[in-house]
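>>> Need the 3D shape of this:
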Amino acid sequence: MEWGGTDDSGGLFHGPGGHGGVYCDLGPWIPMGCVHHSRHAGVGIALGFLIPPLLVPNIEDREELAHHISIMFYMTGAVASFLFILVIFIFREKPKYPPSHAQYLSYTMEAQKTTYFKSIVRLLKNKNFMLLLVSYGLNAGAFYALSTLLNRVVISNYPGEEVNAGRIGLTIVITGMVGAMISGIWLDKTKTYKQTTVVVYSMALVGMVVFTVTLGLGYLWVVFITAGMLGFFMTGYLPLGFEFAVELTYPESEGMSSGLLNVSAQIFGIIFTIGQGQLLDHFGTVAGNVFLCAFLALGTLITMFIKADLRRQNANALPNNNIPDEQPHQEKDPNQAPNEQL
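Numbers count the residues shown, from 1 in each chain. You can find the predicted model right below:
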């Protein structure tokens, strides 16, 4: 439950505004071949669609509406504060032993104390990553805009269906979790990062087109189905983008690449939300959704030009016999990278 607000009619609209970051810090903990285990973070996003419509009814009294919204924000703040305390006092920065050969090499290179600025410069010079940065921002921005304005989009075609609008958002996220899980398993088995990303991105475009066409048919159950299809691919793409970025930018910090992806997503999300909102106000839902379809088509085209330079996979293919064994009588700091160079 990340953000909520009221539209011009006093109704509630809500949407995720930065959830992608949860995927970025899992890399140091997950062995190769277990990428699909990191997809469960979408549960919180799904609750963010389900709970707000239940806590904040669509009422005309703005004082009572503000009271319900404040309760929702207090609950969100309490949960976020609890998680903040856990992160500070419970969670470690990285595991005691690297889960993969690539992570070991990454720890070793981190020990060279490269500066933040130099790392950013190297990432900005990486053409493949820059293409992914733009294409990821287009997809995530479209998802953020659709999620934020979903209430208005649904209610404009189905008046009085505020609760079902939240349920449609929930459907998008749940099917997206399933899509992310399946695509993650597929990546673990095949390592076809670019092919999988292109296919999922293309199907997200198809899903958006189908959702736009069926939205005005007058059958809410059809909207649930097409929204589920859209979520399966659009939400399912988000963690794929992070994984692909890690491959393209290795051995740079995963937090660095994922942070830039989040910045791109937020920038495009703000632009798309404002743009689609204006189109909804002046031209209706079809124009607003076509606006997103156009940029998803552009993102699909950009993704096709990304070269599959899988640096992390190449690092894992190196022989492991240069990794030093743990000394039986030497206690090591779990957060300290090995000093030996390969």
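>>> When you work out contacts or count neighbours from here on, use the C-alpha atoms and nothing else.
OK.
>>> where exactly do the helices run in the stretch 1-150 of the chain?
42-55, 62-89, 101-110, 116-124, 127-157 (DSSP state H, counting those that start in this stretch).
>>> Compare the ones you listed and say which comes out lowest on pLDDT.
Across those, helix 101-110 has the smallest mean pLDDT, namely a mean of 53.
>>> shouldn't residue 68 be in contact with residue 55?
Yes. The criterion here is CA atoms under 8 Å, and residue 68 meets it with residue 55 at 6.3 Å.
>>> Tell me how many other residues crowd the residue lying closest to residue 157 once chain neighbours are set aside.
Leaving out its chain neighbours, the residue that sits closest to residue 157 by CA to CA, 6 or more residues apart in numbering is residue 216, at 6.2 Å. Around residue 216 there are 16 other residues, counting by other CA atoms under 10 Å.
>>> Does residue 216 touch residue 154 like I think?
No. The criterion here is CA under 8 Å, and residue 216 misses it with residue 154 at 9.3 Å.
>>> still on that earlier bit, highest mean neighbour count across the helices of the stretch 1-150 of the chain, which stretch is it?
helix 127-157 (a mean of 23; mean count of other CA atoms under 10 Å).
>>> After it, which helix or strand is next?
Using DSSP states H and E, the helix or strand that follows helix 127-157 towards the C-terminus is helix 162-190.
>>> and the gap between residue 122 and residue 245?
In this structure, residue 122 and residue 245 are 13 Å apart, going by CA to CA, to the nearest Å.
>>> can you check residue 272 too?
23 Å.
>>> now the helices for the stretch 151-300 of the chain?
162-190, 193-215, 220-249, 254-282, 285-304.
>>> how about those, which one is nearest residue 75?
Smallest distance to residue 75 across these (CA to CA): 18.1 Å, for helix 162-190.
>>> Which neighbouring elements make contact with that closest one?
helix 42-55, helix 127-157, helix 193-215, helix 220-249 (3 or more CA pairs under 8 Å, 6 or more residues apart in numbering; DSSP states H and E).
>>> what comes up buried for the last one?
Translated: helix 220-249. 220, 223-249 (16 or more other CA atoms under 10 Å).
>>> do the same with the third one
Residues of helix 193-215 classed as buried: 193-194, 196-212, 214-215 (neighbour count, 16+ other CA under 10 Å).
>>> ok, now stretch 304-315?
304, 306, 309-313, 315.
>>> okay, and for the stretch 151-300 of the chain, where does confidence drop off?
Within the stretch 151-300 of the chain, no stretch falls below the threshold (pLDDT under 70).
>>> do you know how far the nearest residue to residue 230 once chain neighbours are set aside is from residue 152?
In this structure, residue 230 finds its nearest non-sequential neighbour in residue 207, 4.3 Å apart by CA to CA, 6+ apart. The spacing between residue 207 and residue 152, counted by CA to CA, is 19 Å.
>>> Same check on residue 72?
20 Å.
>>> cool, and residue 170?
Residue 170 is 15 Å from residue 152, by CA to CA.
>>> One more: residue 225?
Taking CA to CA, one finds residue 225 at 19 Å from residue 152.
>>> residues contacting the residue nearest to residue 230?
226-227, 229-230, 233 (CA atoms under 8 Å, 6 or more residues apart in numbering).
>>> How about residue 171?
Counting by CA under 8 Å, 6+ apart, the residues that residue 171 touches are 46, 224, 227-228, 231.
>>> Can you point out the buried residues in stretch 179-196?
Here stretch 179-196 shows 179-188, 193-194, 196 as buried, counting by 16+ other CA under 10 Å.
>>> Need these in a markdown table (columns: distance to residue 292).
Shown next, in a markdown table, are the buried residues of stretch 179-196 (distance: CA to CA, whole Å):
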| residue | distance to residue 292 |
| --- | --- |
| 179 | 21 |
| 180 | 21 |
| 181 | 25 |
| 182 | 25 |
| 183 | 23 |
| 184 | 26 |
| 185 | 29 |
| 186 | 28 |
| 187 | 27 |
| 188 | 31 |
| 193 | 24 |
| 194 | 22 |
| 196 | 22 |
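>>> could you measure the residue lying closest to residue 144 once chain neighbours are set aside against residue 60, distance?
Once flanking residues are discounted, residue 144 sits nearest to residue 269: 5.4 Å by CA to CA, 6+ apart. To residue 60, residue 269 is 29 Å away according to CA to CA.
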